[in-house]
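[1] predicted model and sequence below, questions to follow.
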Amino acid sequence: MNELMVIVEIAGRRCLLKAHDVSSVIELGNVTPVPRTPDFITGITAMRSQSLTVIDCRLAMGIDPQPFATDHRGAVIKVENHLYALKVDRIEDITTAQAEAEKVTGGFGPEWSRIAIGMVETSSGPALQIDLAKLIAGPEFIGEAA
Amino acid sequence: MDDLLADFVAETREMLEASEGEIIAWEADPADRGRLDTIFRFVHTVKGNCGFFDFPRLAGLSHAAEDALSDCRAGRRDPNKALVSAVLAVIDRIVEMIDIIEAGNELPEGSDEDLIAALEEGYVPPELAEAVSKPSHEPAAALLHPSDSAAEGSGLSAAPRSDNTPALQRSIRLPVDLLDRVMSGVSDMVLARNDLGHRLRQAGNQPTIDGPFERLTTILSDVRDAVTRMRMQRIETLFSALPRLVRDLSAELNKQVMIDLEGGDVELDREMIETVRDPLTHIIRNAVDHGIEGPAARLADGKREIGLLSISARQSGNTISIVVSDDGGGLNEERIADKAVTVGLITASERETMGRDKILQLVFEPGFSTADQVSSVSGRGVGLDVVRDNLEKVGGSISVTSTPGIGTIFTLKVPLTLSIIAGLTVEVGAQRFAIPQSYVEEIIDASAKSLDLAKLGETSLITFRGNRIPCLKLSDVLDLPVTDDAKAQQTMVILRMATGDLFALAVNKIHHHGDLVVKPLAPAVMKSGVYAGSTLLDDGSPVLLLDVTNIAAAYNLVSDARTRVLQSDNDADDAAAADACHAMLFTDYDGRRCAVRLELVQRIETAQAGSIEITPNGKRAVIDSVILPLVGIPDGETPQGKVRFLRMSDNSCELLYAVREVDDAVELSSALKPVDEDPLIEALTLVDGQTIALIDGHELFARYGESPEATVKPTCHVPDNDWARTILAPLVTAAGYDVVSGENEAGDIAIVLDDSEAASPPAVGECIRLRSQPNANENDGSIYRYDREGLVNALRRARAGGTQ
C-alpha cells in the first residue's frame, strides 16, 4: 500500500516495477553484444564502473518484438547481486500503488502470467506488476534448453 | 550508552575470533605461555568491561574463568583437558550472552554455577601438579606478573608474548557498502585516467603534462592496490575457527581427529570467505562424522588411531581451490548408487552404465544423504546439494574423489570475484574479447608459412613447434559472422591449458594487453559457458572475458591424462626440433653450399688465420684459449685474414667447422635424399631451389670430435731454472699444459735438459729430453732446445699418448 512504483511500458502494455528495486534509469548507449547467449540478452553495458546485463523485456517474455519500438533509456535493477538494465518500450512515470497486487480471474495470458505478480491499482489506473526475477530468467523453453 | 554497548559487543567478538585458534593450540600444549596469556586477556577484558555495565552473570562467569586461568599463569595449577573444556564452555556461554545483549534483550535470570563448578572440579593441588608434570614457565615470571594484578598486569604480560600469536593491528570497522563505493570509485578513476592517457597520446608529447600524469598513474596504481587489499582477507580468518570445530565434533563423536591446515595466507575476497564458510563447515562435519572412523575401527583397518583431516587452500589463476581430504573409509559407491536408485535420482539401467566417479558426484544431488542414522552433527536435512548450490551461485564448483578404505577428497573451487588479472584483448568480427594472459603461450601471425594450416574434416590443425595442435576459430566458437576481409588477416593465439594441452585460437587482431578488472557476469550470461567475466576497457566500454578452460573442454581439447602436465617446455622443444629440421646454411671453403643441423651449432666464431695450426696430423685452431679440432679447410689451402668458424658441439666434445660464409638459418622442408659418395654428407636437399648438402653430424664427430683441451689439461714438469721458467714454460703452456716445477712436484710428462743436474725427473709419463747443442747426439731422441716445431710436436705426441 502506498508503495512507489515505476510505470514502464513493455510490449505496449503498462507495467509496474517497485521503485525500490529500480536503482536508476540510464541511457543505453554502447551495448556490447554477447554471442552465444539467448537473444533476450541484448548485451552488456557499463554504468560507471559496473557492468550491466541488458535484457530485452519483450524477448524475455517471449513476445514477438517486431511491433514495439524500445526506448533509449533502460531501468537498472539488481537481482541476486547482479545488475541488469531493462530495455522497455518507455519509462513513463512514478506513481503510488493504491492496493496490493491481486490476481485477475482468467489470468493475463501465458506470457504475462509467468512474470506477473498481479494487477495493481494506481492513481493513474490499473497496471501489471512484474516479478523481476522471473522476467530476467527469460522464456522458460530457453531456460530448459540451457 | 548504546554506542558504548555496541563497542563492547564488537570488541568482545573481535577478541573471541582472535583467540579461538589459540584455545585449541593451548590445549595441545598447555605449557604454552603465550596462548594462555591470550585467553586470559580475553576473559580479563570481558570481566573488566562488565564493570561498566550491569551484567552480573557475565561478570561472574568471566571472573571465575579468570581466576582459574590466573592460577595457571601463576603456576599454582596445571591446565589439563578438563580445564580447557570448562574454559571453552565458559567462553561459549559468554558468546551466547553477547548475542542476547546484541539483540537488545534482557539477560535471562539463571545460574552459571554449573560452569563455575566445572572450572573448580579439575582443580589439582600444586604439589600434585608438580609431580605430574613440571610447569615449563619460570616461577620468577609468575612473580613478576602477579595473577591478581589488574589491567596493568595483563598489559605487561602482553609485551613478551611468543611470536606465533599474531600482533593485533590497529583497525576500524567499516560497512562493506562503503568499501564497495570506494572501490568502484577507484575503478572509475582508473578508467578516467586511461581515457585521459589515451587523449594525451593522441595529442602527442607534452612534457609539462606528461610528468604530472605519470605521477598520477603511479599514485593511482598504489591506491588501487590498497583498495583491492581492503576487500581481501587471508583465508586464515576462516581457518582459525576450524580447529575448534573439529575438536568439538570429534569429542562429541568419540573420535580422534587431527586437523592440518595449509595455505592460510591465500587471500580471498571478504564476501567470498563468508560464502565459503558454510559449505566448508558442512564438508568438515561430514568428514568427521561419516568419513573418519572411530579409533577402534581404524586400528582394525591398520590405520593410525588418529584420523587426519587436512584442509589446504591454493590460488591458481583466478580461482581458489580449497581441498578437504580425510583418511577415513572413503565413499561407498554401492550405497550411493543404491540410494540414488531408491530415491529415484537414477534408474537401475542408468546405474549400470555409470562409472564410479559419476556415481560419487550423485552425493551433490538434491534429496541425498547416505548416513543411515541422522546424527546431531551432520545430516540435519541440509545436504550437499545446498553446498553445491551455494557455491555455484558465486560461480564456484565442488567435486569429490574417493578411494575406498583410503579416504575422500572434496575440492571446492571459488572465484576470486573481484580480481585484477593480466589479459590480452583480441578482436574478432568487430567485437573485442579478453583472454587471461596466463593462458597465452605465444602469438603467431597466421601468414607465417611454418603454421601449415591443415583442415581435417571439421577440425583445423596448425603446426606449432613441430607439433600439430588443434586450431579453433574464435568466430566459430562465438557464432559470429566473419567478413572475407577479416578472414584474410588471422592471428593465432596459442593457449596452454593447465593440463599442458595446447590449442590455437584464431582471431582477427590483437589489441593490447594490460590489467583487467574482472567483474562477474549475470547467471544467464554465464550459462553460455564461454565467458568468465567482463571487464571495462580504457574507453569504458565493456568487454567479455573468455573462459578458455570451458571453451577447450567444450571442444574436447583437454586430455584427462594428467601426465601431460609433467611435460616440460624443453621436451616440447626437442620434439619439435626432431620433426621440423632447422639447419644453418653456409658456404664452405670449396664453395659448396652446405647445411648443418642447427642444434649442433653452438656459436659462430671469428678468429685470425694465425690461430689455425695445420699439421700433418690434422688441423686445429685456438678459440677462447681452447684448442679445438678444425675441419672444413681443404688440404693445401691456408686461409688468410679472418676466418669464420661454426663451433659445434655434441654436448661432450666440440669442434670447429671453417666456413667461407654463413648464410642463414633455414627450415629444411624438402625431402632429404641420402647420398653415399661423401661419408661426411648425410643427405642432399633443396632450399629455395638450390641443392644443399647436409653435413652428417655423426660422422663429423666420430672422425674429428675430441674433448676440448682445457678440460683435461695435463701437467708438464719443467726444470727449475731461469731458462725453463722464462723461455720454455710459456711454450709448454701454449701447447696446452699446466707447468709445474720443483723437486717435489710430479707432472704427467717431464722435460729435462741435458745439462740439468737432476738426472731422474719425477715424471709419470713420457720424458722429453732437450739438448743445448743443435748438432750434438742427434740420435739419442733428444730435441734441440730451440727447435720449436719439434718441441711442440713432441709435446702434442706426449699429450696424445697421455690422454688416449
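    On my side now, so go ahead.
[2] now B:S349. Its backbone dihedrals?
    Main-chain dihedrals, B:S349, degrees, to the nearest 10: phi -70, psi -30.
[3] so how many other residues sit close to it?
    B:S349 is flanked by 8 other residues according to other Cβ atoms under 10 Å in any protein chain shown. For the C-beta atoms, the positions are set from N, CA and C on the backbone; glycine is no exception.
[4] what's the answer for B:D688, then?
    Neighbours of B:D688 under the rule other Cβ under 10 Å: 9.
[5] give the buried residues for stretch B:600-614.
    For stretch B:600-614, burial by neighbour count (16 or more other Cβ atoms under 10 Å in any protein chain shown) applies to B:600-601, B:605, B:607, B:611-612, B:614.
[6] secondary structure class for the residue of the stretch 651-800 of chain B found nearest chain A?
    As assessed by Cβ to the nearest Cβ, chain A sits closest to B:E667 within the stretch 651-800 of chain B, at 37.4 Å. When classified by DSSP: H, G, I helix; E, B strand; the rest coil, B:E667 comes out as strand.
[7] correct me, but it touches B:H582?
    Yes: between B:E667 and B:H582 there is a contact under Cβ atoms under 8 Å: 5.5 Å.
[8] coming back round to it: what pLDDT is listed against the residue of the stretch 651-800 of chain B closest to chain A?
    We have a pLDDT of 72 for B:E667.
[9] and if you look at B:M497?
    Note for B:M497: predicted pLDDT of 71.
[10] so which residues on chain A come close to chain B?
    By the rule Cβ under 8 Å from any Cβ of the partner chain, the part of chain A lying against chain B is A:30, A:32-38, A:41, A:44-46, A:48-51, A:53, A:80, A:82, A:84, A:136-138, A:146.
[11] now the residues you listed: which count as buried?
    Buried among the residues of chain A next to chain B (16+ other Cβ under 10 Å): A:32-38, A:41, A:44-46, A:49-51, A:53, A:82, A:84, A:136-138.
[12] circling back to that earlier point, what count of nearby residues applies to the residue of the stretch 651-800 of chain B closest to chain A?
    Neighbours around B:E667, by other Cβ under 10 Å: 13.
[13] next one: B:T638
    Number of residues near B:T638 (other Cβ under 10 Å) recorded here: 8.
[14] assign it to helix, strand or coil.
    Relying on three-state DSSP, one would call B:T638 coil.
[15] contact partners for it?
    Going by Cβ atoms under 8 Å, 6 or more residues apart in numbering or on different chains, B:T638 touches B:609, B:612, B:614.
[16] ok, for the residue in the stretch 351-500 of chain B positioned nearest to chain A, nearest residue in space, not its chain neighbours?
    The nearest approach of the stretch 351-500 of chain B to chain A comes at B:L478, 3.8 Å away (Cβ to the nearest Cβ). Spatial nearest neighbour of B:L478, excluding adjacent residues (Cβ to Cβ, 6 or more residues apart in numbering or on different chains): A:P35 at 3.8 Å.
[17] SS state for the one you found?
    Classification of A:P35 using three-state DSSP returns coil.
[18] buried residues in the helix or strand hosting B:K47?
    Assigned by DSSP states H and E, B:K47 belongs to helix B:33-50. Within helix B:33-50, the residues that count as buried by 16+ other Cβ under 10 Å are B:33-47, B:49-50.
[19] same deal with stretch B:322-339?
    B:322-333, B:336-337, B:339.
[20] please, where are all the helices along the stretch 1-150 of chain B?
    With DSSP state H, counting those that start in this stretch, the ranges of helices along the stretch 1-150 of chain B come out as B:2-28, B:33-50, B:56-73, B:81-102, B:113-121, B:126-132, B:139-144.
[21] picking up where we left off before, of the buried residues of stretch B:322-339, which is the nearest to chain A?
    Using Cβ to the nearest Cβ, B:I322 is the member of these that sits closest to chain A, with 21.5 Å.
[22] now the helices of the stretch 1-150 of chain B as a markdown table including distance to chain A?
    Rendered in a markdown table, the data for the helices of the stretch 1-150 of chain B read as follows (distance: least, Cβ to the nearest Cβ, whole Å):
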| stretch | distance to chain A |
| --- | --- |
| helix B:2-28 | 25 |
| helix B:33-50 | 35 |
| helix B:56-73 | 38 |
| helix B:81-102 | 26 |
| helix B:113-121 | 42 |
| helix B:126-132 | 56 |
| helix B:139-144 | 52 |
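[23] now the ones you listed in a markdown table, with mean pLDDT and distance to B:K303?
    A markdown table is the format used below for these (pLDDT from 0 to 100; distance: least, Cβ to Cβ, whole Å):
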| stretch | mean pLDDT | distance to B:K303 |
| --- | --- | --- |
| helix B:2-28 | 74 | 21 |
| helix B:33-50 | 76 | 30 |
| helix B:56-73 | 79 | 35 |
| helix B:81-102 | 79 | 24 |
| helix B:113-121 | 72 | 34 |
| helix B:126-132 | 40 | 31 |
| helix B:139-144 | 37 | 42 |
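[24] format those as TSV; extra columns: distance to B:N508.
    Shown next, in TSV, are the helices of the stretch 1-150 of chain B (distance: least, Cβ to Cβ, whole Å):
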stretch	distance to B:N508
helix B:2-28	53
helix B:33-50	61
helix B:56-73	69
helix B:81-102	59
helix B:113-121	72
helix B:126-132	78
helix B:139-144	73
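[25] in the chain, which helix or strand is least confident?
    In the absence of a named chain, this looks at chain A. The weakest-scoring helix or strand in chain A, judged by mean pLDDT, DSSP states H and E, is helix A:140-145 (a mean of 46).
[26] not quite, go with chain B.
    Min over SSEs of chain B, mean pLDDT, DSSP H and E: helix B:563-566 (a mean of 30).
[27] quick check: residues of the stretch 151-300 of chain B near chain A?
    Counting by Cβ under 8 Å from any Cβ, the stretch 151-300 of chain B sits next to chain A at B:184, B:187-188, B:191.
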